[in-house]
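**Q** Following is a predicted model, sequence given first.
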Amino acid sequence: MSSLSNLEQDRYNLSAPEVLANPYPTYRRILLEDPVYWSDFFGGWYLMRYKDVAAAMQDKRISAKRPPISKIPESEQQNILPLLETLSKWILFCDPPEHTRLRALFNKAFTPSIISSMAERIQTLVDELIDGVYERGNMNIIHDLAYPMPAIVIAQMLGAKSEDWEQFKKWSDDLARFFGMFRMKPEILTSAQQSIIEMTEYFRHILEERRHNPQDDLMSSLIFAQEKGNSLNDDEILSNCVFLTFAGHETTTNLIANGLLALLKNPSQMQKLKDDPSLITTTVEEFLRYDSPVQRQARIAVTDLEIDGKQISQGQRLFLVIGAANRDPEQFLDPDKLDITRPENPHLAFGKGTHFCLGASLGRLEAQIAINTIVRRLSNLHLDTDRIEWHQNPSLRGMKSMPVAFNP
């Protein structure tokens, strides 16, 4: 494979800005030509088909224990040990039995009754954010609503201050750039590590305060579980609070914004939702399928295995391309069509099996409330730009900005 030319190494040009802005035509081409292919450029196997991605998510021979260090030279890894040590404790990067233990404890914050009890608070928050920009007749969907709302919600769950959401954004942006890095860039590593250190210290103060003054929040419940004898140490609590802060709003921000963009580009679907707000449940599921906030996940083969006749060697990386699987015509009828009434929608946006997204129910609720409120309150809503800029990130799909205008 080392004999491949540079063109062949990246023959589908998945790192090109125009492909990152709209990867779906390229995904379709790969699905047709080579749905299990090796990329020297990215250093791993790409799985594109729904059946392969779904199977890999549940295959015990394929591990989630893969902090993203393969693109970082060993000489550099010594300089970012705090970053790597924190990531290694994220529930996202754990296999059973560690994953099972952590999941059981964190699941307590995401029970159906707890999530449903948050609906009124989320609705109030969405209305307050819209009220703040309503009279001027324009807003940036991401900065004014889609980012602060889920950031404030997860902050409150963890015992953080709601008004610190802009600091969370800076930290989150640094981590997102790290996870989207094609090749090692020292300045990205430095900023990601600094943000991890600052986030950890931020939550350490909350942890110590909650030990002496428990509240009705997730941090207090984790301390209670720890004191009851559960094998949960402070580093695991702090690392996963960092993870929840990052994952708990980054993906929801993009779910809301990407979904609203899809509606604006499909006015007949927008009208359907206006006419029948009860369609919001299937609408959000279709957003998750149609333009998933998480486009791919990485895994590691823990043994030699075969997929579609290709020999995967132990230790090789696999990229499970959720964005392609969710547009696979073998699984979905008219996959490139936005259909908010799609009757069956077994998308993989939240994963499948052991690593099914911890906060899926919260993300769904936040998106449902935000989208229905926007559609209901903002008449004559339309994009206020001719050019959408997308983050250059192959894993987390989102816009840098989304200016819109409406009739106040």
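**A** That came through, no problem.
**Q** Assign Ala298 to helix, strand or coil.
**A** strand (DSSP: H, G, I helix; E, B strand; the rest coil).
**Q** got the contact list for it?
**A** Going by Cβ atoms under 8 Å, 6 or more residues apart in numbering, Ala298 touches Gly44, Arg66, Pro68, Arg317, Leu318, Phe319, Leu320. No exception for glycine: its C-beta is placed from N, CA and C like everyone else's.
**Q** out of the residues you listed, which are buried?
**A** Gly44, Arg66, Arg317, Leu318, Phe319, Leu320 (16 or more other Cβ atoms under 10 Å).
**Q** re earlier: between the contacts of Ala298, which sits nearest Leu255?
**A** Using Cβ to Cβ, Leu320 comes nearest to Leu255 of the contacts of Ala298, at 18.6 Å.
**Q** I'd say that closest one and Val294 touch.
**A** No - in this structure, Leu320 is not within contact of Val294 by Cβ atoms under 8 Å, at 9.9 Å.
**Q** what about Ser395, neighbour count?
**A** Using other Cβ atoms under 10 Å, Ser395 has 20 other residues around it.
**Q** so who does it touch?
**A** The contact partners of Ser395, by Cβ under 8 Å, 6+ apart, come to Phe179, Gly180, Val294, Gln295, Arg296, Gln297.
**Q** biggest separation within those, which pair?
**A** Gly180 and Gln297 (13.4 Å).
**Q** So which of those two has more stuff around it?
**A** Counted by other Cβ under 10 Å, Gly180 and Gln297 do not tie: Gln297 has more neighbours, with 21 against 15.
**Q** By pLDDT, give me the weakest of the buried ones among the contacts of Ala298.
**A** Ranked by pLDDT, the buried ones among the contacts of Ala298 bottom out at Arg66, which scores 74.
**Q** Which of the helices or strands spans it?
**A** In this structure, Arg66 sits in neither a helix nor a strand according to DSSP states H and E.
**Q** just to revisit the earlier point, turn the buried ones among the contacts of Ala298 into JSON lines, columns for secondary structure and distance to Leu305.
**A** Converted to JSON lines, the buried ones among the contacts of Ala298 look like this (DSSP: H, G, I helix; E, B strand; the rest coil; distance: Cβ to Cβ, whole Å):
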{"residue": "Gly44", "secondary structure": "strand", "distance to Leu305": "14"}
{"residue": "Arg66", "secondary structure": "coil", "distance to Leu305": "16"}
{"residue": "Arg317", "secondary structure": "strand", "distance to Leu305": "13"}
{"residue": "Leu318", "secondary structure": "strand", "distance to Leu305": "10"}
{"residue": "Phe319", "secondary structure": "strand", "distance to Leu305": "15"}
{"residue": "Leu320", "secondary structure": "strand", "distance to Leu305": "14"}
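**Q** nearest spatial neighbour of the residue nearest the centre of the chain, skipping sequence neighbours?
**A** By Cα atoms, centre = their mean, the mean C-alpha position of the chain lies nearest to Thr251, the distance being 3.5 Å. Of all residues beyond its chain neighbours, the one nearest Thr251 is Pro293 (4.3 Å), with distances taken as Cβ to Cβ, 6 or more residues apart in numbering.
**Q** Please, where are all the helices along the stretch 1-150 of the chain?
**A** Using DSSP state H, counting those that start in this stretch, the helices assigned to the stretch 1-150 of the chain run over residues 6-9, 17-21, 24-33, 50-57, 74-77, 81-88, 98-106, 112-117, 119-134, 141, 148-157.
**Q** which stretches of the stretch 201-350 of the chain form strands?
**A** Assigned by DSSP state E, counting those that start in this stretch, the strands in the stretch 201-350 of the chain fall at 296-301, 305-307, 310-312, 317-321.
**Q** Direction included, what does the last one pair up with?
**A** Put plainly, it is strand 317-321. strand 44-47 (parallel), strand 296-301 (antiparallel) (DSSP bridges).
**Q** returning to that earlier point: select, out of the helices of the stretch 1-150 of the chain, the one closest to Pro186.
**A** helix 74-77 (7.3 Å).
**Q** what's the average pLDDT for that closest one?
**A** When pLDDT is averaged along helix 74-77, the result is 72.
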